[in-house]
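Asker: Sequence plus predicted model, see below.
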Amino acid sequence: MESILGKIKSEYSLYTKEVLAAIDTNKKSLFIGIPTETDYQEKRIPLTPNSVAALVNYGFRIVIEKDAGEKSNFSNEEYLEAGADVVFSKEEVFKADAIIKSGPINAGEISLLHSHQIIISPILLPNQTKNMIKCMMEKRITAIAFEYVKGDYNSYPIMRSMSEIAGNYAILTAARYLSNEYGKGILLGGIAGQPPAKVMILGAGTVGEAAAKSALALGASVQVFDDNIFRLSRLQSDLGNKIYTSVMDPLNIAKNISRTHVVIGALKPKNGRTPCVITEDMVRSMKKGSVIIDVAIDHGGCFETSKVTNHDQPIYTKHDVIHYCVPNIASNVSRTASYALSNVLAPILKNAADAGGIEVLLRHDMGLLHGTYLYKGALTKEFIAQKFDLKFTDLDLLLSADF
């Protein structure tokens, strides 16, 4: 009997043993604050109730200011059911370790910031002042800008999603203003026996691509102009030979714009300013009742006749051409835009919790690192330092030092 037991013990010792996995001791519960946006044009919220519920279940504490989601049709009750704390003052929200906003930090919120807080929001440089940046530096703030956060394949996921929304929305807006409600009663796609409207798109980036796809889907005739041959080739390859493409040749633009019903301005800014490629004379040559949608108005606009409008009074007419020049177009479909923001931000926050905090994650996430313009009060984007004549510090050097 003993020999049998000995044999069993000997054989059992050779079996693979299950070992309990080590508990991750780095995981950190994050305290997030989301204030109500006060900027006139901003209607989005950075986290939807679904994402809040998932993060709360993950161990987060999330504080949201009352009615922060109202303009995106998310109620206070939805956030309460998701596990968030809904509070009645910005001061309560700004007690959080990290503040997440869909709009940039404004002058009124700078005074509410506490030492060593983290901000995740757009920066929108034209809205910033030297004093605002200096104040954040003095409070040793770590700030991450939506515009600069990179994703897979060298993409900018938040900006790409907002650009896709803007491109789609621009075509739907153009179709509305061509109709009898505002214009000459033209159907964008035409019908049998009547040719479709001609749509000119300036820029073959994400906005231009989304606009081209949307216009083609509605049956319009599409022309795309850009100085980047690679982008034009890629767009033509993706969409087939259904579109006409050209480099930014002023003579060619002038010839074609006079026959066009819709012009979408979607050029990328250079050195912070969008190239103005459409002169007033070109606008004057356009068909009566045609429509200009200047998506690039956030950075100055593509048209000499452009001036900033708003969601309440979105258009004006000049030279018998309807101009739509509303900044932050994505905010006008705020619920969709909020889901787009939330889909990118929620995984980043989960990764931060797993890493032991947002500042710890910066050491491992190159995309998030690229979005950082302030690290514990040090200004880490050279072009921002030059713009405001402030001291620049290399972020890699900061992270390599233990301070």
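Answerer: It's in. Numbers count the residues shown, from 1 in each chain.

Asker: I'd like the distance from Val86 to Phe392, if you could.
Answerer: Per CB to CB, to the nearest Å, Val86 is found 40 Å from Phe392. Backbone N, C-alpha and C define where each C-beta goes, glycine included.

Asker: List the contacts of Ile264.
Answerer: 167, 170-171, 174, 199-203, 207-208, 211, 293, 295 (CB atoms under 8 Å, 6 or more residues apart in numbering).

Asker: moving C-terminal of the lowest-mean-pLDDT helix or strand in the chain, what's the next helix or strand?
Answerer: The helix or strand of the chain with the poorest confidence is helix 2-12; it has a mean of 54 (mean pLDDT, DSSP states H and E). For helix 2-12, the following helix or strand on the C-terminal side (DSSP states H and E) is strand 31-34.

Asker: Can you get me a residue count around Asn127?
Answerer: Number of residues near Asn127 (other CB atoms under 10 Å) recorded here: 14.

Asker: Name the nearest residue to it, ignoring sequence neighbours.
Answerer: The shortest distance from Asn127 to any non-neighbouring residue, by CB to CB, 6 or more residues apart in numbering, is to Pro104 (5.4 Å).

Asker: Quickly find the element holding that neighbour.
Answerer: Per DSSP H and E, there is no helix or strand for Pro104.

Asker: same deal with the one 5 residues further on?
Answerer: Element membership of Glu109, judged by DSSP H and E, is helix 107-110.

Asker: after that helix, next one along is what?
Answerer: Next element after helix 107-110 (DSSP H and E): strand 118-121.

Asker: Give me the contacts around that following strand.
Answerer: With contact meaning CB under 8 Å, 6+ apart, strand 118-121 is reached by 46, 97-105, 113, 136, 141-146, 345, 358-359, 374.

Asker: what does stretch 367-380 give?
Answerer: Stretch 367-380 has contacts (CB under 8 Å, 6+ apart) with 116, 119, 123, 133, 136-151, 348, 358-359, 361-363, 381, 384-385, 390-395, 398-399, 403.

Asker: Buried residues in that stretch, which are they?
Answerer: Within stretch 367-380, the residues that count as buried by 16 or more other CB atoms under 10 Å are 367-380.

Asker: Do me a favour and get the end-to-end distance for that stretch?
Answerer: Start-to-end span of stretch 367-380 (CA to CA, to the nearest Å) is 15 Å.

Asker: neighbours around the nearest residue to Glu304 once chain neighbours are set aside, how many?
Answerer: Nearest residue to Glu304 in three dimensions, chain neighbours excluded: Glu280, at 4.6 Å (CB to CB, 6+ apart). Neighbour count for Glu280, taken as other CB under 10 Å: 12.

Asker: likewise Leu124?
Answerer: Neighbours around Leu124, by other CB under 10 Å: 19.

Asker: Now it. Its backbone dihedrals?
Answerer: In this entry, Leu124 is assigned phi and psi values of phi 50, psi 70 (degrees, to the nearest 10).

Asker: What residues does it make contact with?
Answerer: 103-104, 147, 298.

Asker: how about a cut-off of 10 Å?
Answerer: 39, 103-106, 145-147, 298-299, 327-328 (CB atoms under 10 Å, 6 or more residues apart in numbering).

Asker: What distance do you get for it to Asn131?
Answerer: Distance, Leu124 to Asn131, using CB to CB: 16 Å.

Asker: Not counting sequence-adjacent ones, nearest residue to Ala210?
Answerer: Gly167 (2.8 Å).

Asker: for the one you found, helix, strand, or coil?
Answerer: helix (DSSP: H, G, I helix; E, B strand; the rest coil).

Asker: got it, and Ile45?
Answerer: Assignment for Ile45 (three-state DSSP): coil.

Asker: okay, now it: neighbour count?
Answerer: 30.

Asker: pLDDT wise, what is the nearest residue to it once chain neighbours are set aside at?
Answerer: Nearest non-adjacent residue to Ile45, counting by CB to CB, 6+ apart: Gly69, 4.6 Å away. The confidence metric pLDDT takes the value 96 at Gly69.

Asker: For Gly69, give me the backbone phi and psi.
Answerer: phi -100, psi 0.

Asker: Just list the residues touching it, thanks.
Answerer: With contact set as CB under 10 Å, 6+ apart, Gly69 has these partners: 34, 36, 43-49, 52, 75-76, 78-79, 84, 86, 334-335, 338.

Asker: List the ones among the contacts of stretch 367-380 that fall in helices.
Answerer: 133, 136-138, 348, 358-359, 361, 384-385, 395, 398-399 (DSSP state H).

Asker: What strand or helix carries the residue nearest to Met136 when sequence neighbours are not counted?
Answerer: The shortest distance from Met136 to any non-neighbouring residue, by CB to CB, 6+ apart, is to Leu374 (5.8 Å). Assigned by DSSP H and E, Leu374 belongs to strand 372-375.

Asker: Run me through the strand neighbours of that strand, direction for each.
Answerer: strand 142-145 (antiparallel), strand 378-379 (antiparallel) (DSSP bridges).

Asker: Among those strands, which comes closest to Arg231?
Answerer: Of all these, strand 142-145 sits nearest to Arg231, with 24.0 Å by CB to CB.

Asker: Dig out what the closest residue in space to Val87 that isn't next to it in sequence forms beta bridges with.
Answerer: Nearest residue to Val87 in three dimensions, chain neighbours excluded: Val63, at 5.7 Å (CB to CB, 6+ apart). Per DSSP bridges, the residues bridged to Val63 are Gly33, Asp85.

Asker: try Thr317
Answerer: If you apply DSSP bridges, the partners that Thr317 bridges to are Ile322.

Asker: separation between it and Ile329?
Answerer: Taken as CB to CB, the span from Thr317 to Ile329 is 19 Å.

Asker: Including pLDDT and distance to Asn57, could the buried residues of stretch 367-380 go into JSON lines?
Answerer: Listed next are these as JSON lines, based on pLDDT from 0 to 100; distance: CB to CB, whole Å:
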{"residue": "Gly367", "pLDDT": "93", "distance to Asn57": "25"}
{"residue": "Leu368", "pLDDT": "94", "distance to Asn57": "23"}
{"residue": "Leu369", "pLDDT": "93", "distance to Asn57": "28"}
{"residue": "His370", "pLDDT": "93", "distance to Asn57": "29"}
{"residue": "Gly371", "pLDDT": "94", "distance to Asn57": "26"}
{"residue": "Thr372", "pLDDT": "95", "distance to Asn57": "28"}
{"residue": "Tyr373", "pLDDT": "95", "distance to Asn57": "31"}
{"residue": "Leu374", "pLDDT": "96", "distance to Asn57": "31"}
{"residue": "Tyr375", "pLDDT": "95", "distance to Asn57": "30"}
{"residue": "Lys376", "pLDDT": "94", "distance to Asn57": "30"}
{"residue": "Gly377", "pLDDT": "94", "distance to Asn57": "33"}
{"residue": "Ala378", "pLDDT": "95", "distance to Asn57": "35"}
{"residue": "Leu379", "pLDDT": "96", "distance to Asn57": "37"}
{"residue": "Thr380", "pLDDT": "94", "distance to Asn57": "33"}
